[in-house]
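Chemist: Sequence and predicted model, in that order:
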Protein chains: 2
Amino acid sequence: MIEYTDLSKPIYDRLKEMIINEELKPGEKIIQEKIAESLGVSRTPLMKALLTLENEYLVESIPRRGIFVRSRDQKEIIDVYFCREALEGMAARLLAEQKDYSIIGQLKDCFTPFVNKKEINPINYAKADERFHKSLIKLTGNAPLDKIYFFSSIHDKVIGHGLVRPPEETMEEHFKIINAIAMGNPEDAESYAREHIRKSRELLINQHK
Amino acid sequence: MIEYTDLSKPIYDRLKEMIINEELKPGEKIIQEKIAESLGVSRTPLMKALLTLENEYLVESIPRRGIFVRSRDQKEIIDVYFCREALEGMAARLLAEQKDYSIIGQLKDCFTPFVNKKEINPINYAKADERFHKSLIKLTGNAPLDKIYFFSSIHDKVIGHGLVRPPEETMEEHFKIINAIAMGNPEDAESYAREHIRKSRELLINQHK
DNA sequence: ATATTGTTTTTTGTATACAAAATGCAATAT
DNA sequence: ATATTGCATTTTGTATACAAAAAACAATAT
């Protein structure tokens, strides 16, 4: 059990929530005293939380001017997908190379609730999707990769746009990735993982033209 | 001209320097009051700098225990090279795709002082190398990529490296990457960029066996 | 009306104060 | 000698205070 003897962690969580559901709107200035009071803390732990959010690019500090909620444009979202393509491709490659077949179950488990179902709940599937992609990274055991993937995916999470493509389409792709890893085929694993992200990205680009 | 009306920036720079040249040794606890006094500031801006360093993984905070200089093992350094391979490969691909030939000069310029030289100053070459790899990322205009590359390369910079391989060996590889970009060939650009990083990584792995 | 200047209010950046927790140390028991 | 306990010291986490900068506003000039 983890205990937090540090207020900045719950404050950080709360602020992130407020940014996600637009209680704090993009471009809005964060008036520290006001927010601190409304959260029942002083500016010190609030500042700590804000600095973490700044490092995650959710918030932007302009010295002597204030801290503002960042607004993310379409280009930035697409740029993130290029990063994800590179990183998830590498992750799939590493998993296929390490030939540790005990992980295959974990990856498959993400989607077992949905196989051969005619109706798929998109909210549950979106959660499963997130778990799958996160596992793909975590299971490599590459800590820096995990760290930087977090940075690239955080934006995406905040944008929050559930699913880019329907489950029927992506499920098959997920299993192609898993199978390539299970077969110990790094080339296929990487190229399927990249294709998967690339397709979503291309859709996003076309949607916005 | 950029003015800093914020002490935490110079403090951050100084702390990073202290970590790099081991004035602060790996594993060492940072006693805030002590360091703050020696730098002539209070704990407030010091804490801000330390939090940034924590987010960059140069320092590790254990709540209620203190903040410690992180020690980086060989595995972590190698793990970073996997990230760099993925990210720089993608950057080279993007540059080749965007077919903006005005950038070619900038990339070549990094190494013009060294072509056809019999004696290459390794310190200068290391600087040029860093500039080249940073430019490769920056020129894509992909801000999230730049951000996360910074996170992956920061470790590398702190380790202090010198060069993994001799200039004679890497110079040719650099020009292969540049030429593929100049030819607008994304496949080659990516694969040469990846090969370049992979070779250094493999050397590091073998050195440590 | 629009600029310009001066004044007040707000807000930031930093220092400092202080309680609670962790650490170090000495005295005692084993 | 090695543990164990209690006490003093150090150090952290948080709140608060305050100067300096920025923003908001009002009064005047153009």
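Modeler: That came through fine.
Chemist: Would you point out the helix or strand in chain A whose mean pLDDT is lowest?
Modeler: Using mean pLDDT, DSSP states H and E, helix A:143-159 stands out as the lowest-scoring helix or strand of chain A, at a mean of 77.
Chemist: Quick one: check the following helix or strand past that helix for contact with chain B.
Modeler: Scanning forward in sequence from helix A:143-159 by DSSP states H and E, the next helix or strand is helix A:167-182. No: using Cβ under 8 Å from any Cβ of the partner chain, helix A:167-182 never reaches chain B; the gap is at least 15.7 Å. Backbone N, C-alpha and C define where each C-beta goes, glycine included.
Chemist: contacting residues around helix A:167-182?
Modeler: With Cβ atoms under 8 Å, 6 or more residues apart in numbering or on different chains as the test, helix A:167-182 has contacts from A:92, A:95-96, A:101, A:103-104, A:107-108, A:110-111, A:114-115, A:120, A:122, A:125, A:129, A:132, A:136, A:163, A:188-189, A:192-193, A:195-196, A:199.
Chemist: ok, of those residues, which come out buried?
Modeler: Listed as buried from the contacts of helix A:167-182 are A:92, A:95-96, A:103-104, A:107-108, A:110-111, A:114, A:120, A:125, A:129, A:132, A:136, A:188-189, A:192-193, A:196; burial here means 16 or more other Cβ atoms under 10 Å in any protein chain shown.
Chemist: and A:Val41, what pLDDT?
Modeler: pLDDT, A:Val41: 97.
Chemist: make that A:Lys118, sorry
Modeler: pLDDT, A:Lys118: 84.
Chemist: how close does it sit to DNA strand C?
Modeler: Remark: distance between A:Lys118 and DNA strand C (Cβ to the nearest atom of the strand, to the nearest Å) = 53 Å.
Chemist: Repeat that for A:Arg198.
Modeler: Distance from A:Arg198 to DNA strand C, by Cβ to the nearest atom of the strand: 40 Å.
Chemist: For chain A, what lies in contact range of chain B?
Modeler: A:4-6, A:44, A:47-48, A:51-52, A:55, A:57, A:63-64, A:76, A:79-80, A:82-83, A:85-87, A:89-90, A:94, A:142-145, A:147-148, A:151-152, A:155.
Chemist: If we use 7 Å, what do you get?
Modeler: A:4-6, A:48, A:51-52, A:55, A:57, A:63-64, A:76, A:79-80, A:82-83, A:85-87, A:89-90, A:94, A:142-145, A:147-148, A:151-152, A:155 (Cβ under 7 Å from any Cβ of the partner chain).
Chemist: Restricted to helices, list the residues you listed.
Modeler: Those of these mapping onto helices are A:48, A:51-52, A:55, A:76, A:79-80, A:82-83, A:85-87, A:89-90, A:94, A:143-145, A:147-148, A:151-152, A:155, per DSSP state H.
Chemist: so where is chain A shaky, pLDDT-wise?
Modeler: Residues of chain A meeting the criterion pLDDT under 70: A:1-5, A:153-162, A:209.
Chemist: how about 50 then?
Modeler: A:1-2 (pLDDT under 50).
Chemist: Show me it divided up by domain.
Modeler: A:8-69, A:74-207 (automatic domain parsing).
Chemist: looking at these, which is closest to B:Glu28?
Modeler: Judged by Cβ to Cβ, the one of the domains of chain A that comes nearest to B:Glu28 is domain A:74-207, at 20.9 Å.
Chemist: and the gap between A:Asn185 and DNA strand C?
Modeler: Between A:Asn185 and DNA strand C the computed distance is 48 Å (Cβ to the nearest atom of the strand).
Chemist: so the residue lying closest to that residue once chain neighbours are set aside, which of the three states?
Modeler: Using Cβ to Cβ, 6 or more residues apart in numbering or on different chains and skipping residues adjacent in sequence, the residue nearest A:Asn185 is A:Ala96, 5.6 Å away. At A:Ala96 the chain is in helix, as set by DSSP: H, G, I helix; E, B strand; the rest coil.
Chemist: Look up how far A:Tyr192 lies from A:Ala96.
Modeler: Computed as Cβ to Cβ, to the nearest Å, the A:Ala96 to A:Tyr192 distance reads 10 Å.
Chemist: I'd say A:Ile148 and B:Phe151 touch.
Modeler: Yes: the pair A:Ile148 and B:Phe151 passes the contact test of Cβ atoms under 7 Å, sitting 5.1 Å apart.
Chemist: Who has more neighbours out of these two?
Modeler: Comparing A:Ile148 with B:Phe151 by other Cβ atoms under 10 Å in any protein chain shown, the one with more neighbours is A:Ile148, at 25 against 21.
Chemist: and that one, what does it touch?
Modeler: Counting by Cβ atoms under 7 Å, 6 or more residues apart in numbering or on different chains, A:Ile148 makes contact with A:Leu87, B:Cys83, B:Ile148, B:Phe151, B:Ser152.
Chemist: Could you dump those into a markdown table and include distance to DNA strand C?
Modeler: Shown next, in a markdown table, are the contacts of A:Ile148 (distance: Cβ to the nearest atom of the strand, whole Å):
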| residue | distance to DNA strand C |
| --- | --- |
| A:Leu87 | 33 |
| B:Cys83 | 32 |
| B:Ile148 | 25 |
| B:Phe151 | 23 |
| B:Ser152 | 28 |
